[in-house]
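*Asks:* Just to be clear, the model below is a prediction. Sequence and coordinates:
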Amino acid sequence: MASEETQKKVKGYRRLIPSMTALMEFEAVARLSSFTLAAQELGVSQAAVSKQVKYLEDTLGTRLFHRLHRAIKLTSEGYVLYSVVAESMQRMANVFDKICEGIPEQELTLACTAAFSQLRILPRLGALRLSQPTLHLRLITHILNPEVSRQDVDIAIRFGDGKWDDGTAIFLFDEDVFPVCSPAWLSSHAAPMSVDDFLHIELIDSDSTLEGWMTWYSWFNALGESRPKMSYSLRCSSYNDTVQAALNGHGVALGWSRLLGPLLSSGELVRISPYAVKPKDAYYLIVPNGRDITPLVHHLVEWLQDESVLSY
C-alpha cells in the first residue's frame, strides 16, 4: 500500500499536470506546426487533437498557439511549455530504449566539446576500457562549453576559469598553444624564424567558440605582437576542421598541446616554432550540483590527466 506521503505527491502531480494525453498531443502539434499532421501521426481525429489542446489552454488560462490563416504559431507561453515537454518526452523515450535494449543503468554520460571528444577522449578510450571494463560511456558533444543542467549529464568538461555556479569544478590541466603543420607542408615551405614570418605563410584559423579560446589574432597579442589586420588562407568554425586542414597540408594552425598530443607524438603534426602562449584558462571536469564526486569521477580525472603514453 502506498504511503500517505506518496499519495499526496501523486495527487499534487495530477493537479499540476491534469492530462498527459493533452501534453502529448500538444507536443505533436507544436513540433509539426499542424493540427492535421499531428492527428495523422497520433492516429486520432483532428477534432480530438483540437479538443485536447483547447483543454490544455483552458487549464493553463492562456493561449498556446496563434491561429493564423492556414498556419499556427506558438505563443511565448506555448514555446516555453513545448521546450520543457519535448525535452521531457525525449528523456522518457531514452529510458524506454535503455530498458528495452538492455542498456545498463551504470551508463555514464559525459558532455564536452566535439574537439575535446575527438582529440582527447577517443584516443584514450582503450585505456579506460582496460581499467573500467564494466563502464559504459555515453558522449554528448557541443560546439560551446556544455551545460550541466540537463538531468542526463553526469559530468562535463569545460574550458574556462573554473568559476561556475552549476557544479563543482575539478582542475584537469592547463594548455600551451603553438604553431603546428604537417610534415608535407614543412617539406615545401620554409619554417618561420620570427613572429613576422607568420604574416607571410598560409595560416589556418578557427573561430573563438569558447571563452578564452585562442585565435591567431589573440595569440599574436599574447606575445605582445599586435596585428590589426590578419590574413588567413582558411578559417574554420570548428577546431576539428582546423586540425584536419593542417593534417592535409593546407597551412599552419595553432596547436593546443593537450588536444594534439597523439598527433604530435605520431609525427602526423609537427611543431614548427619555439613561440608558445599559455592561456590563463584551463580545462576542468564539472560535477553538476546535487551529484556526488565518486571514486569513478576521481578515476576519470586521472585518466584524462594521464600523459604517460604520450610524448612530444
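*Replies:* Received the coordinates, thanks.

*Asks:* From now on I want contacts and neighbour counts done on CA atoms only, so please keep to that.
*Replies:* Noted.

*Asks:* Poorly predicted segments of the stretch 151-300 of the chain, please.
*Replies:* In the predicted model, the stretch 151-300 of the chain carries pLDDT under 70 at residues 151, 209-211, 227-229.

*Asks:* quick one, what contacts Gln52?
*Replies:* Shown in contact with Gln52 (Cα atoms under 8 Å, 6 or more residues apart in numbering): Thr21, Ala22, Glu25, Phe26.

*Asks:* what's the helix or strand for it?
*Replies:* helix 46-60 (DSSP states H and E).

*Asks:* List the backbone torsions phi and psi for Ala282.
*Replies:* Backbone geometry at Ala282, expressed as degrees, to the nearest 10, gives phi -150, psi 180.

*Asks:* So what sits opposite it in the bridge?
*Replies:* Under DSSP bridges, the beta-bridge partners of Ala282 are Gly160.

*Asks:* surely it meets Ala169?
*Replies:* No. If you go by Cα atoms under 8 Å, Ala282 and Ala169 don't touch, sitting 11.0 Å apart.

*Asks:* shared neighbours of those two, which are they?
*Replies:* Common neighbours of Ala282 and Ala169 (Cα under 8 Å, 6+ apart) are Gly162.

*Asks:* After the helix holding Gln52, heading C-terminal, what element do we hit next?
*Replies:* Using DSSP H and E, the next helix or strand after helix 46-60 towards the C-terminus is strand 65-68.

*Asks:* How about that next one, which residues are buried there?
*Replies:* Within strand 65-68, the residues that count as buried by 16 or more other Cα atoms under 10 Å are Phe65.

*Asks:* And the strands in this structure?
*Replies:* Assigned by DSSP state E, the strands in the chain fall at 65-68, 71-74, 108-113, 137-142, 155-160, 167-173, 177-181, 203-206, 234-236, 252-256, 270-271, 282-288.

*Asks:* Please identify the most buried of the ones you listed.
*Replies:* Mean neighbour count (mean count of other Cα atoms under 10 Å) peaks for strand 252-256 among the strands of the chain, with a mean of 26.

*Asks:* tell me the angle of it relative to strand 177-181?
*Replies:* Angle, strand 252-256 to strand 177-181, by axes from the mean of the first three to the mean of the last three Cα atoms, to 10 degrees: 140 degrees.

*Asks:* Which elements pack onto strand 252-256?
*Replies:* Applying 3 or more Cα pairs under 8 Å, 6 or more residues apart in numbering; DSSP states H and E, one finds that strand 252-256 makes contact with strand 177-181, strand 203-206, helix 239-247.

*Asks:* Reformat these as CSV; add distance to Leu125.
*Replies:* Formatted as CSV, these follow (distance: least, Cα to Cα, whole Å):
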stretch, distance to Leu125
strand 177-181, 24
strand 203-206, 26
helix 239-247, 18
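
*Asks:* ok, longest helix in this structure?
*Replies:* helix 76-101 (DSSP state H).

*Asks:* Cool, thanks, talk later.
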